[in-house]
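Q: Generate a structure from the sequence data that follows.
(one chain, ligands or ions: 2)
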Amino acid sequence: MKKIAVLNFKGGTGKTSTVVNLGHGLAMRGKKVLVVDTDPQGSASYNLGNQSANTLYEVIVKNLPLTKAITTVRKNLDLIPGSDHLYPLELKMAILPEKEQIFSRVLSQIKNYDYVIVDCGPGINLINQNVLLYADEIIIPVSMEYLSLVGVKQLLKNIKIINKIFGKEIRICKVVPTFVDHRNKKTQNVLESLQKVFPSKISNEIRTCVSLSEAPGYKISIFEYDKNSRGAEDYSKLVDGVLKDGKEKTR
Ligand SMILES: Nc1ncnc2c1ncn2[C@@H]1O[C@H](COP(=O)(O)OP(=O)(O)O)[C@@H](O)[C@H]1O
Ligand SMILES: [Mg+2]
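A: Numbering: from 1, shown residues only. Ligands and ions are numbered 1, 2, ... in the order given. Next up, the predicted model:
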């Protein structure tokens, strides 16, 4: 089972779109996938048409059994939803013992999936620290903006700190260039910077695509909204890359 966090400390870099479309893409290829939404905005849950009111708040604070917080949203695709209940969760967790390891403890019961993919809100906070301690690998979507690179630098610094303090080795699975538009000079500049920092980690590009911004409004993935779009083509390639990465690693 692969535990992948999709994280960049900057907002609006395509994290949620990557979680939803990578998650659904893997599920469509027959992999068993669980999406965990840890963003209080609950965008991934909305995008997947979630109907359940239970979140990790109910599990951690109200002692709801974890299995009751898991809801099936598509064939092969389950979800632990996120909502604004996660704001008070953060406050409650801050006074608990081993506060950075709560997600690891609670989510350790999860076993029967090929992929657990965690959507994260932006920022350096206790929830994201918990996610970093739970996940084995991270996928970093980077939009073609200077500030998105700043978010990556902060993230790398935090990964180093967490690896050192908690004796972990979080692996960077992929760095995903998002909102790519080669007509734009910024795109070239940001891609060049990424190539310098992560020469072997950069995935295929996710181009700017109107359908990708429209699909969430209909509570569906890009594969359901417009399977012939550039967005579907690009996310399908990312699914290929993640599946291939798994095979190379186990060799
Ligand atoms: N490649 C893309 N092209 C066009 N719009 C996109 C693309 N990726 C994401 N979006 C849209 O941009 C907004 C921010 O993306 P989102 O995935 O929610 O980012 P984050 O989770 O990092 O905040 C959303 O409205 C989303 O639908
Ligand atoms: Mg998001």
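
Q: And stretch 119-126, how far out from the chain middle?
A: Its chain's C-alpha centre and that of stretch 119-126 lie 11 Å apart, by Cα atoms, centre = their mean, to the nearest Å.

Q: who touches it?
A: Here stretch 119-126 makes contact (Cβ atoms under 8 Å, 6 or more residues apart in numbering) with 5-12, 15-16, 19-20, 35-41, 43-44, 82, 90, 93-94, 99-100, 127-128, 131, 151, 154, 158. C-betas here are computed from N, CA, C, even on glycine.

Q: same check, this time on stretch 91-108
A: Contacts of stretch 91-108 (Cβ under 8 Å, 6+ apart): 36, 38, 56-57, 59-61, 66, 116, 126-127, 129-131, 133-134, 166.

Q: Please narrow the contacts of stretch 119-126 to those residing in helices.
A: 15-16, 19-20, 43-44, 90, 93, 127-128, 131, 151, 154, 158 (DSSP state H).

Q: if we can go back for a sec, keep only the contacts of stretch 119-126 that also lie close to ligand 1.
A: 11-12, 15-16, 43 (Cβ under 6 Å from any ligand atom).

Q: and of those residues, the nearest to Asp181?
A: Gly12 (15.2 Å; Cβ to Cβ).

Q: How about the contacts made by the closest one?
A: 122, 143.

Q: same thing with Thr71?
A: Residues counted as contacts of Thr71 (Cβ under 8 Å, 6+ apart) are 50-52, 54, 78-81.

Q: Neighbours of Lys62, how many?
A: Residues near Lys62, counting by other Cβ atoms under 10 Å, number 11.

Q: That one belongs to a strand, doesn't it?
A: No: according to DSSP: H, G, I helix; E, B strand; the rest coil, Lys62 belongs to no strand; its state is coil.

Q: Let me know the pLDDT of it.
A: We have a pLDDT of 96 for Lys62.

Q: what's the answer for Leu7, then?
A: In this prediction Leu7 is given a pLDDT of 95.

Q: Next, count neighbours for the residue nearest to it when sequence neighbours are not counted.
A: Leaving aside its sequence neighbours, Leu7 sits nearest to Cys120 (Cβ to Cβ, 6 or more residues apart in numbering; 4.6 Å). Using other Cβ under 10 Å, Cys120 is surrounded by 27 other residues.

Q: Please apply the same query to Phe223.
A: Neighbours of Phe223 (other Cβ under 10 Å): 21.

Q: Helix or strand for it, just tell me which one.
A: Assigned by DSSP states H and E, Phe223 belongs to helix 222-225.

Q: Kindly export whichever helix or strand comes after that helix (C-alpha atoms) in PDB.
A: Once helix 222-225 ends, the next helix or strand along the chain (criterion: DSSP H and E) is helix 230-250. Output of helix 230-250 as PDB, limited to C-alpha atoms (Å, rounded to 0.1, in the frame of the first residue of the first chain):
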ATOM      1  CA  ARG A 230      -6.000  18.000 -22.600                       C
ATOM      2  CA  GLY A 231      -6.500  17.800 -18.900                       C
ATOM      3  CA  ALA A 232      -7.700  14.200 -19.200                       C
ATOM      4  CA  GLU A 233      -4.700  13.400 -21.400                       C
ATOM      5  CA  ASP A 234      -2.300  14.900 -19.000                       C
ATOM      6  CA  TYR A 235      -3.700  13.300 -15.900                       C
ATOM      7  CA  SER A 236      -3.900  10.000 -17.600                       C
ATOM      8  CA  LYS A 237      -0.100  10.300 -18.300                       C
ATOM      9  CA  LEU A 238       0.400  11.100 -14.600                       C
ATOM     10  CA  VAL A 239      -1.500   8.000 -13.700                       C
ATOM     11  CA  ASP A 240       0.900   6.000 -16.000                       C
ATOM     12  CA  GLY A 241       3.900   7.600 -14.300                       C
ATOM     13  CA  VAL A 242       2.700   6.800 -10.800                       C
ATOM     14  CA  LEU A 243       1.900   3.200 -11.800                       C
ATOM     15  CA  LYS A 244       5.400   2.900 -13.400                       C
ATOM     16  CA  ASP A 245       7.100   4.400 -10.400                       C
ATOM     17  CA  GLY A 246       5.500   1.600  -8.300                       C
ATOM     18  CA  LYS A 247       6.900  -1.100 -10.500                       C
ATOM     19  CA  GLU A 248      10.400   0.400 -10.600                       C
ATOM     20  CA  LYS A 249      10.500   0.700  -6.900                       C
ATOM     21  CA  THR A 250       9.500  -2.900  -6.200                       C
END
